[in-house]
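Asks: Sequence and predicted structure, then a few things I'm wondering about:
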Amino acid sequence: MQFSVMKLLIIFCLLQLTGCAATRPVLYPNGHFNTVGMEIADTDIDSCIALANASGANQSEVSQTVKQTTEGAVVGGATGAAVGAILGNAGQGAATGAAGAATGRFTRSILNSDKADPVYQKFVNRCLRDKGYDVVGWN
């Protein structure tokens, strides 16, 4: 049974990570934007995104999601093992606790996964501002 739960969790993780569209900056149509047009603006956005990625800023919080899910599994496993030991089956308790806690942490992280990393956003915003654009938000 535990193997099936873990398989479902892995499939769910992959579907969620591949199904999330990346957020992009929304530009105010200021003088610079009106002069260069949307095609050049998109190229400039792409170059700022590439620069942010090359500089080590993370586009999404995937690494944070992995870290939180792992932490949840470790804490849940330890708690489950302790409860299982008291009730007579530490191994089953550890597996159940780890799966439950990891699923809870992962689900919470996925619900917030549409948000770009704040450092990444600031990096791209500054790059675009330096190019003459006015970023009003992200979609």
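Replies: That came through fine.
Asks: What residue spans form the domains of this protein?
Replies: Here the domain parsing of the chain from automatic domain parsing is 23-59+116-139, 61-114.
Asks: Give me the mean pLDDT for the shortest one.
Replies: Within the predicted structure, the mean pLDDT of domain 61-114 is 69.
Asks: I figured residue 83 hits residue 93, correct?
Replies: Yes. Residue 83 lies in contact with residue 93 (CB atoms under 8 Å); the separation is 5.0 Å. C-beta: built from backbone N, CA, C; applies to glycine.
Asks: And these two? Which one has more around it.
Replies: The neighbour count for residue 83 versus residue 93, taken as other CB atoms under 10 Å, is higher for residue 93 (22 against 15).
Asks: Out of the domains of the chain, which is the most enclosed?
Replies: Of all the domains of the chain, domain 61-114 carries the top mean neighbour count, a mean of 17, counting by mean count of other CB atoms under 10 Å.
Asks: Quick check, residue 79 in contact with residue 101.
Replies: Yes. Here residue 79 lies in contact with residue 101, judged by CB under 8 Å, at a distance of 7.5 Å.
Asks: and residue 137, how far is that from residue 120?
Replies: 14 Å (CB to CB, to the nearest Å).
Asks: same check, this time on residue 132
Replies: In terms of CB to CB, residue 132 sits 21 Å off from residue 120.
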